[in-house]
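Asker: Got a predicted structure plus its sequence, pasted below:
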Number of protein chains: 2
Amino acid sequence: MAKILICDDEAGLRAVIRKYAEYEGYGVGEACDGAEAVRACRADGFDVVIMDVMMPQMDGFSAVREIRGFSDVPVIMLSAKNEEYDRVLAFELGVDDYVVKPFSSKEIMLRIAAILRRAGKDTDGRVVFTAGGFVADLTAHKVTIDGVVVELAPKIADLLFFFVRNKGIALSREKILAEVWGFDYFGDDRTLDTHMKLLRKAIGPYGNLIKTLRGLGYRFEES
Amino acid sequence: MAKILICDDEAGLRAVIRKYAEYEGYGVGEACDGAEAVRACRADGFDVVIMDVMMPQMDGFSAVREIRGFSDVPVIMLSAKNEEYDRVLAFELGVDDYVVKPFSSKEIMLRIAAILRRAGKDTDGRVVFTAGGFVADLTAHKVTIDGVVVELAPKIADLLFFFVRNKGIALSREKILAEVWGFDYFGDDRTLDTHMKLLRKAIGPYGNLIKTLRGLGYRFEES
DNA sequence: AAGGCTTGACCCAAATTTTAACATGGACTG
DNA sequence: CAGTCCATGTTAAAATTTGGGTCAAGCCTT
């Protein structure tokens, strides 16, 4: 079931949307300012974010900009103002919909449904790992760093995707060699080191996601 | 090339939108009231309809209701009023977007672009993939490049449509051979290469939509 | 039979993997 | 605290694999 994040500083409004959203069977999360929304998005995979523009700490636009750094979650923006500038900016930020207050709960629900209907085709079955600007799409077999596609040699890609699939787990050198090279591989001892070097180089600033466990092997940090 | 129908009783507004739309490369049709819009939609296949609410003869809502009787073309509604009732009614009629006057041309263009981007998969059961001037209509089994129909050999077409149906997904050579040639095919490994070459040649400038994944297979880039 | 379509064979350039030699750095020992 | 050992990092070059190009033979359909 789809999960929705409601981000607005007005508790009453959050409560109203929550009520309707839960009635429709959605899971609901809340945030009362932009910074909290960004944290929530990082921590939890939401399917739609409803974001107010005017909020203390961090406004909606800044929050969306930050969220876009690591996620393409659909966003519906709420605004009390009906200013031209805002709407254009919102669309440029990749906001999916823009609703002006006051609105009825029914309308919001219709828009959420519409977005989920559209999104349905893209999300299902996809497996994607994200850490800041680092994105590894296992389905597309594609790695992106800050939006730029990184070309990886087959072995390097295998190695990376193996780590991603086993993120947060300590992996011995034997295990890595067995899984990525094949259980009967017995080549030079430096082969793995060399590939680790190439992999770290390939993912540049995110190379430190791979921790060396001296005497053991390696571990890929989770998010 | 996408075709847009602008329906508004104000000729000046039609002219402004037309100018920007043509600048963006869209084909443009005009109608000055609902009844005319309905006739135009019946006669001609538009990809997006921009529909004013307030018009003589037949208002926008009635027109959309009537159009919905025979078409699922995406509709953007324009309204001078910002009333709750209207917006909810519009969404219930299956309107895709709702813009309140005054709006900037830029905003309308962004919304049209957004709708066309999404539309790829919606229009009444038709399944169409678009990337720039490249159009693959899976329903009609027809491929067009910059408006010119491209004749494809059966195998090449199968291959292309298979890729389009699985766009954005890494496909191994085995998988492609199994799906396009038949699960029990065991021919030469270079056969696929040869067909990939023919396919790339056939779609000319859009050949780079097909990404080679060395050591794996291929991926057709989405949009 | 002609013409287009599909397939298989061979070669080659380029990319990739592996090897091997050497450097580094952390941890343990005395 | 210094020395040593060994796991890991680095580099460059050799060896291998891969996919694309070309071409021709076989197979269909018309």
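Answerer: Sure thing, it's come through. Since we're looking at a predicted model, the values are computed, not measured.
Asker: A:Gly45 contacts A:Lys3, doesn't it?
Answerer: Yes: with contacts counted by C-beta atoms under 8 Å, A:Gly45 reaches A:Lys3, the gap being 7.0 Å. All C-beta atoms are positioned from the backbone trio N, CA, C, and that covers glycine.
Asker: residues contacting the residue most central in space within chain A?
Answerer: In chain A, the C-alpha nearest the mean C-alpha coordinate belongs to A:Ser71, at 3.8 Å (C-alpha atoms, centre = their mean). Counting by C-beta atoms under 8 Å, 6 or more residues apart in numbering or on different chains, A:Ser71 touches A:41, A:130.
Asker: do the same with A:Val64
Answerer: Shown in contact with A:Val64 (C-beta under 8 Å, 6+ apart): A:51, A:75, A:77, A:90, A:93-95.
Asker: which of these has the most neighbours?
Answerer: Ranked by the number of neighbours (other C-beta atoms under 10 Å in any protein chain shown), those place A:Val75 first, at 28 neighbours.
Asker: What residues are bridge-paired with that residue?
Answerer: Note on A:Val75: beta-bridge partners A:Val49, judged by DSSP bridges.
Asker: go on, A:Ser172?
Answerer: Counting by DSSP bridges, A:Ser172 is bridged to A:Gly217.
Asker: pLDDT value on it, please?
Answerer: On the pLDDT scale, A:Ser172 is placed at 90.
Asker: Count the residues that sit near it.
Answerer: As a burial measure, A:Ser172 scores 13 neighbours (other C-beta under 10 Å).
Asker: Report the separation between it and A:Arg190.
Answerer: According to C-beta to C-beta, to the nearest Å, A:Ser172 stands 17 Å off from A:Arg190.
Asker: With A:Gly207 instead?
Answerer: In this structure, A:Gly207 and A:Arg190 are 18 Å apart, going by C-beta to C-beta.
Asker: Give me the more crowded residue out of the two.
Answerer: A direct count of neighbours by other C-beta under 10 Å for A:Gly207 and A:Arg190 places A:Gly207 higher, at 13 against 9.
Asker: Quick check: closest non-adjacent residue to that one.
Answerer: What sits nearest to A:Gly207 in space, not counting adjacent residues and going by C-beta to C-beta, 6 or more residues apart in numbering or on different chains, is A:Arg200, at 3.6 Å.
Asker: quick one: what helix or strand has that neighbour in it?
Answerer: Using DSSP states H and E, A:Arg200 sits within helix A:190-202.
Asker: just A:Leu13 next, same as before
Answerer: Using DSSP H and E, A:Leu13 maps to helix A:11-23.
Asker: List the buried residues in the very next helix or strand once past that helix.
Answerer: Once helix A:11-23 ends, the next helix or strand along the chain (criterion: DSSP H and E) is strand A:27-31. Residues of strand A:27-31 classed as buried by neighbour count (16 or more other C-beta atoms under 10 Å in any protein chain shown): A:28-31.
Asker: Can you name every helix or strand that strand A:27-31 contacts?
Answerer: On a contact count with 3 or more C-beta pairs under 8 Å, 6 or more residues apart in numbering or on different chains; DSSP states H and E, strand A:27-31 meets strand A:3-7, helix A:11-23, helix A:34-43.
Asker: Identify whichever of these lies nearest to DNA strand C.
Answerer: Nearest to DNA strand C, of all those, is helix A:34-43, at 30.8 Å by C-beta to the nearest atom of the strand.
Asker: ok, and what's touching the closest one?
Answerer: Contacts of helix A:34-43 (C-beta under 8 Å, 6+ apart): A:5, A:7, A:29, A:31, A:46, A:49, A:51, A:55, A:57-60, A:62-63, A:66-67, A:70-71, A:73, A:223.
Asker: In strands, which of those appear?
Answerer: A:5, A:7, A:29, A:31, A:49, A:51 (DSSP state E).
Asker: Return the residues in contact with the closest residue in space to A:Glu10 that isn't next to it in sequence.
Answerer: Counting by C-beta to C-beta, 6+ apart, A:Glu10 lies nearest to A:Asp52, which is 7.6 Å off, once chain neighbours are set aside. A:Asp52 makes contact with A:7-10, A:13, A:60, A:77-79, according to C-beta under 8 Å, 6+ apart.
Asker: same question, A:Glu174
Answerer: Counting by C-beta under 8 Å, 6+ apart, A:Glu174 makes contact with A:Gly217.
Asker: Over to it: give its phi and psi.
Answerer: Dihedral pair for A:Glu174: phi -60, psi -50, per degrees, to the nearest 10.
Asker: Next: the one 4 residues further on.
Answerer: Dihedral angles of A:Ala178 (phi, psi; degrees, to the nearest 10) stand at phi -60, psi -40.
Asker: Count the residues that sit near it.
Answerer: What A:Ala178 shows, counting by other C-beta under 10 Å, is a neighbour count of 13.
Asker: From DNA strand C, how far out is it?
Answerer: Distance, A:Ala178 to DNA strand C, by C-beta to the nearest atom of the strand, to the nearest Å: 13 Å.
Asker: pLDDT (mean, whole number) over stretch A:57-64?
Answerer: 84.
Asker: Buried ones in that stretch, by neighbour count?
Answerer: Buried residues in stretch A:57-64, counted by 16+ other C-beta under 10 Å: A:58-61, A:63-64.
Asker: May I see the residues you listed organised as CSV, with distance to DNA strand C added?
Answerer: Shown next, in CSV, are these (distance: C-beta to the nearest atom of the strand, whole Å):
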residue, distance to DNA strand C
A:Met58, 38
A:Asp59, 43
A:Gly60, 42
A:Phe61, 40
A:Ala63, 38
A:Val64, 36
